[in-house]
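*Asks:* Generate a structure from the sequence data that follows.
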Amino acid sequence: MFVRGYLRASTKEQDASRAKAQLEAFAAERGLNIAAFYVENESGASLQRPALFELIADASVGDILLIEQVDRLSRLNEADWAKLKQSLNEKHIKVVALDLPTSWMMIATDETTARMFDAINNMMLDMLAAIARKDYVTRRQRAAQGVEKAKAAGKYKGRAEDAERNTLIQRHLKAGVSSWKEIMELVGCSRGTVAKQAALLKAAE
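*Replies:* Reported below is the predicted structural model:
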């Protein structure tokens, strides 16, 4: 059994590794070593998360996926959450979250106790994932309301376009020698930004 740490932040401006020390301290208190960290800056509301699925691909049956909070793993809608859970369940990956004490019991228990806590933990994960999704949707709705209010007052200018960055992204896309992941790393942007520029290029063809 290996422990694999997963660290996520939504944007490039945020520090995805912020909670690394907390995960290391949690593991050390229980005599565990974290075999690898998987770090990315992607939205928790999207299944397009290469590092997370790299972790799942690397994992062996029964490995532990260690996270700071359940919302680091999912702000997904119900259908996408079900898909992610299926991927985790296929390898019997145990999700342990620092903000979910019932999951801590998944680390070292006998088979009978483990089955009991697995059932409890799955229920708690579903509940917290639903709460995280609701929080995500609510914040987006409030942000949209704020934008509409600012537009009505003539105060909304929108985010300034980074023309230089977008030109560089399009140049890489046209060259066709870099993957989206490589472009994201080279330019320092999100997958959504690359996707937007790819769509603009396609529309211009």
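*Asks:* Per the annotation, how does the protein divide into domains?
*Replies:* According to automatic domain parsing, the chain comprises the domains 3-133, 163-204.
*Asks:* Turn these into JSON lines, including mean pLDDT.
*Replies:* Below are those laid out as JSON lines (pLDDT from 0 to 100):
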{"stretch": "domain 3-133", "mean pLDDT": "90"}
{"stretch": "domain 163-204", "mean pLDDT": "86"}
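*Asks:* Need these in a markdown table (columns: mean neighbour count and distance to Lys151).
*Replies:* C-beta: built from backbone N, CA, C; applies to glycine. A markdown table is the format used below for the domains of the chain (neighbours: other CB atoms under 10 Å; distance: least, CB to CB, whole Å):
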| stretch | mean neighbour count | distance to Lys151 |
| --- | --- | --- |
| domain 3-133 | 16 | 23 |
| domain 163-204 | 14 | 21 |
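*Asks:* Report all helices and strands that the longest helix anywhere in the chain contacts.
*Replies:* If you go by DSSP state H, the chain has its longest helix at helix 111-152. When contacts are defined as 3 or more CB pairs under 8 Å, 6 or more residues apart in numbering; DSSP states H and E, helix 111-152 sits against helix 70-73, helix 78-90, strand 94-97, helix 101-104.
*Asks:* The ones you listed: which one's closest to Glu24?
*Replies:* Of all the helices and strands packed on helix 111-152, it is strand 94-97 that lies closest to Glu24, at 13.6 Å by CB to CB.
*Asks:* which residues sit in contact with the residue most central in space within the chain?
*Replies:* Using CA atoms, centre = their mean, the residue of the chain that lies closest to the mean C-alpha position is Gly44, 4.1 Å off. Residues in contact with Gly44 (CB atoms under 8 Å, 6 or more residues apart in numbering) are Arg8, Ser10, Asp71, Arg72, Leu73, Ser74, Arg75, Leu76, Ala132, Tyr136.
*Asks:* my read is Ala35 is in a strand, agree?
*Replies:* Yes. Applying DSSP: H, G, I helix; E, B strand; the rest coil, one finds Ala35 inside a strand.
*Asks:* any idea how far Ala9 is from it?
*Replies:* Using CB to CB, to the nearest Å, we find Ala35 at a distance of 22 Å from Ala9.
*Asks:* coming back round to it: now do the longest helix of the chain against helix 78-90: the angle between them, please.
*Replies:* Relative orientation of helix 111-152 and helix 78-90, computed by axes from the mean of the first three to the mean of the last three CA atoms, to 10 degrees: 150 degrees.
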